[in-house]
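1. I would like to see how this sequence folds:
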Amino acid sequence: MKKCTCLILGLFSFIGLQAQEKKNTKKQVEKANFRVQIFQKRDSAKIILEEPDPEFKSKLPISAVIRDSSKVALKDYPKAAKIDSVWMAELTNSELFDEMQESIIEQDYNPVVYDELPTDTLKARLAILNARTPFNIQYNPSLESVIKRYLKRNKKSMERLMALGDYYFPMFEQELDKYDIPLEIKYLAIVESALNPKARSRVGATGLWQFMFTTGKMHDLNVSSYVDERMDPMKSTEAAAKYLSRLYKVFGDWDLVLASYNSGPGNVSKAIRRSGGSTDYWKIRRHLPRETAGYVPAFLATLYIFEYADAHSFEPPHPDIAYFQTDTIQVKKLLTFDQITKVTGVNKETLEFLNPSYKLDIIPYVDGKNYSVRLPRKASGKFVANEAAIYEYATNEIEKGEKKLPKYVETEDRIRYRVRNGDYLGKIGSKFGVGVSQIRRWNNLRGNSIRAGQYLTIYPQKPVATANVTSSKRSNTSKTSSKSKVYTVRKGDSLWSISKKFPGVTVQNLRSWNNINVKHLKPGMKIKVSRG
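-> Predicted structure coming up:
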């Protein structure tokens, strides 16, 4: 009887367990069906989507999007580590480049009071740097003035550059070591571009190492509608290392190499002749172009500050991603940044930072050329493991014509853009390939608020259609009789500080409109701040 009772109870228990398991399975399927539409499916769950909810169609897992399949999901799909918006803003901010260039051109060598760095202490530290580097780092009052001015006024900017250095310097050092170049040359990129791979000078020099178009071509840095390899960190660094190595074979002196990198070997050889044959940089300096005369002191001051950063209590922020935590993948078909973002989870801002040489946010595929995408390591693994599906998705999207690829259209260097309904600074910046901070600076905006119908001055960094924009050249020719604005110079003003007060006005504009240089700038003087 006991045995029979146990069998009956066991049967009921079995039936109950089956029912419970069936119930749990149903819940799991429903839950999994919901999760797979929004998040990543678990490896342990076998899930089939049937008639996915249209509300979540755009949020399907990568597999459902790229293969149009409800049965396959990419394994292990965590969202790749992303750089936060504050850090990204620092990385893409062009103000550091503008400030660095202006400080070199208008270098002030007057004595600076900075009690935290006694002259004797500076002399001792410079002697140490001189002993352990191949540069001629001798104390002189001019160098002391530059160092103290940087310490006194540029501390925050230097901290931002140190943060950028954490990302770029490992790659720089790798290439410099390959060509037997002093590793301290990495600081040259700070003086050249403020570590902004998209930096462009007033004469057209571009990238981290500021190659002109023809010089870049000489070093296999090609420029096309889609790609500017001068803005490729790895390729431009290798080109710079090769160029610096050749210059050293010519001059045999690293100070002269620095000067010739900036102004060209011809200007340095002329300066040597004009100084009576001296090859001492400090003796030929006064015979060099003004910018080059301030170039080497700027480099040595930067070297000192970075090498003695701890002694001066610098506290730079640290990046959320390091260069060695990224990897490159050669593309086999044309891909857009939007497509890569969609299938890897790496946000577009990070893609743009890691891949600055692609001017239109498109990685082309051209026979005979190798183009690659740089991704955080975690995302690159997922990309390689699912390449076929990713390319199939990209091809299908292009064939559908849902997103037309941008076409190369010539445009003016400077445009006037009329704000439309729905526009915001980030959207406008993306359209023209510029940063929000740049738009604010060009238009003297204190915040991000803009209104429909408002006109903005933009200096586009990538080709765009000219619809809804007004060329500044056309507007000038149509109103040649308009009066130019005049500004009265105040005490402490410089051409740089004045240019920042007027949107779209550069230091070069002020020089050409007024036929002046910094030496002629005096309080009370009236200068034109617009063309007219």
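2. contacts, neighbours, all on C-alpha from now
-> Fine.
3. can you tell me the helix or strand for K378?
-> Here K378 sits within helix 377-385, counting by DSSP states H and E.
4. which stretches of the stretch 401-532 of the chain form strands?
-> Using DSSP state E, counting those that start in this stretch, the strands of the stretch 401-532 of the chain run over residues 415-418, 455-458, 469-471, 486-488, 526-528.
5. and what of the stretch 151-300 of the chain?
-> Ranges of strands within the stretch 151-300 of the chain: none, based on DSSP E, counting those that start in this stretch.
6. Tell me how many other residues crowd G216.
-> 21 (other Cα atoms under 10 Å).
7. Tell me who's in contact with it.
-> Residues near G216 by Cα atoms under 8 Å, 6 or more residues apart in numbering: N222, R230.
8. Next, count neighbours for K217.
-> 14.
9. do the same with G447
-> The number of residues packed near G447 is 10, by other Cα under 10 Å.
10. on that earlier part again, out of the strands of the stretch 401-532 of the chain, deepest packed?
-> Among the strands of the stretch 401-532 of the chain, the stretch with the highest mean neighbour count (mean count of other Cα atoms under 10 Å) is strand 455-458, at a mean of 22.
11. now for that one, which elements pack on it?
-> strand 415-418, helix 436-442 (3 or more Cα pairs under 8 Å, 6 or more residues apart in numbering; DSSP states H and E).
12. Against which helices or strands is the next helix or strand after the helix holding K378 packed?
-> Downstream of helix 377-385, the next assigned helix or strand under DSSP H and E is helix 387-400. Under the contact definition 3+ Cα pairs under 8 Å, 6+ apart, helix 387-400 sits against helix 62-66.
13. cutoff 10 Å now
-> With contacts defined as 3 or more Cα pairs under 10 Å, 6 or more residues apart in numbering; DSSP states H and E, helix 387-400 has these neighbours: helix 62-66, strand 335-336, helix 337-344, helix 377-385.
14. Pairing partners for the shortest one, with directions?
-> Meaning strand 335-336. Applying DSSP bridges to the sheet, strand 335-336 is found paired with strand 362-363 (antiparallel).
15. Compute the number of surrounding residues for V434.
-> When neighbours are defined as other Cα under 10 Å, V434 has 22 of them.
16. what does the one 4 residues further on give?
-> Close neighbours of Q438, defined as other Cα under 10 Å, add up to 19.
17. Touching, it and S430? I think so.
-> No. At 11.8 Å, Q438 and S430 do not qualify as touching, with contact defined as Cα atoms under 10 Å.
18. what sits against K242?
-> For K242, the contact set (Cα atoms under 10 Å, 6 or more residues apart in numbering) comprises E175, L176, K178, Y179, I181, H219, S236.
19. ok, those vs I321, which is closest?
-> Among those, E175 lies closest to I321 (Cα to Cα), at 20.0 Å.
20. Please name the residues that touch that closest one.
-> Contact analysis of E175 by Cα under 10 Å, 6+ apart lists F169, I181, L183, K186, M234, K235, T237, E238, A239, A240, A241, K242.
21. Distance-wise, check the fourth one relative to M162.
-> To tie it back to what came earlier, the one meant is K186. According to Cα to Cα, to the nearest Å, K186 and M162 sit 12 Å apart.
22. Which pLDDT value does the model give V36?
-> We have a pLDDT of 34 for V36.
23. before we move on, back to that, what is the nearest of the contacts of K242 to M525?
-> Set against M525, the nearest of these by Cα to Cα is S236 (43.3 Å).
24. Confirm for me that that closest one is in contact with W209.
-> Yes. Counting by Cα under 10 Å, S236 does reach W209; the two are 6.7 Å apart.
25. what sits in contact with each of these two?
-> P197, R230.
26. When the two are compared, which one has more neighbours?
-> W209 (27 against 24).
27. ok, that one touching E229?
-> No. W209 is not in contact with E229 according to Cα under 10 Å; the separation is 11.4 Å.
28. residues shared between the contacts of the two?
-> With Cα under 10 Å, 6+ apart, W209 and E229 have common neighbours S236.
29. Quick one: buried ones out of the contacts of E175?
-> The neighbour count (16 or more other Cα atoms under 10 Å) marks F169, I181, K186, M234, K235, T237, E238, A239, A240, A241, K242 as buried among these.
30. Need the pLDDT of the third one.
-> Per-residue confidence (pLDDT) for K186: 96.
31. what's the closest non-adjacent residue to it?
-> Of all residues not flanking K186 in the chain, F172 sits nearest, at 6.0 Å (Cα to Cα, 6 or more residues apart in numbering).
32. hang on, isn't the one you found packed against E238?
-> Yes. Using Cα under 10 Å, F172 is in contact with E238, at 8.5 Å.
33. separation between W282 and Y323?
-> Noted for W282: a distance of 36 Å to Y323, by Cα to Cα.
34. number of nearby residues for the residue nearest to K186?
-> Quick note: F172 (other Cα under 10 Å) scores 23 neighbours.
35. And D177, by the same measure?
-> Neighbourhood size, D177 [other Cα under 10 Å]: 12.
36. what sits against it?
-> So D177 contacts L183, A241 (Cα under 10 Å, 6+ apart).
37. Same question for N267.
-> The contact partners of N267, taken as Cα under 10 Å, 6+ apart, are A259, S260, R273, H287, L288, P289, T292.
38. of the residues you listed, buried ones?
-> The neighbour-count criterion (16+ other Cα under 10 Å) marks A259, S260, H287, L288, P289, T292 among the contacts of N267 as buried.
39. out of these, who's nearest A298?
-> Closest to A298, out of all of those and judged by Cα to Cα, is T292, at 9.7 Å.
40. Isn't that closest one up against V257?
-> No. Counting by Cα under 10 Å, T292 stays clear of V257, with 11.5 Å between them.
41. For F169, see how far away the residue nearest to I516 when sequence neighbours are not counted is.
-> Nearest non-adjacent residue to I516, counting by Cα to Cα, 6+ apart: L510, 7.8 Å away. The spacing between L510 and F169, counted by Cα to Cα, is 36 Å.
42. what number of residues lie near N370?
-> If you count neighbours by other Cα under 10 Å, N370 ends up with 11.
43. i'd like the first residue to be 13 from this point on
-> Got it, first residue is 13 now, which makes that one N382.
44. Just to check, it is in contact with T340?
-> No. Here N382 does not reach T340: they are 11.4 Å apart, not a contact under Cα under 10 Å.
45. What is the least confident helix or strand in the chain?
-> In the chain, no helix or strand scores lower on mean pLDDT, DSSP states H and E than helix 484-490, which sits at a mean of 41.
46. what helices or strands is the helix or strand containing R161 leaning on?
-> Using DSSP H and E, R161 maps to helix 153-165. With contacts defined as 3+ Cα pairs under 10 Å, 6+ apart, helix 153-165 has these neighbours: helix 107-117, helix 131-144, helix 167-190, helix 307-319.
47. For the third one, what does the pLDDT average out to?
-> If you average the pLDDT over helix 167-190, you get 90.
48. Leaving out chain neighbours, which residue sits closest to L300?
-> A283 (5.9 Å).
49. Show the pLDDT at that neighbour.
-> On the pLDDT scale, A283 is placed at 93.
50. what's around it, how many residues?
-> Neighbours of A283 under the rule other Cα under 10 Å: 22.
51. Pull up the gap between it and I296, please.
-> Look at A283 and I296: by Cα to Cα, they are 6 Å apart.
52. Need the contact partners of stretch 190-197.
-> With contact meaning Cα under 10 Å, 6+ apart, stretch 190-197 is reached by 145-147, 181, 184-189, 250, 253-254, 256-257, 260, 266, 270, 311-312, 315, 319.
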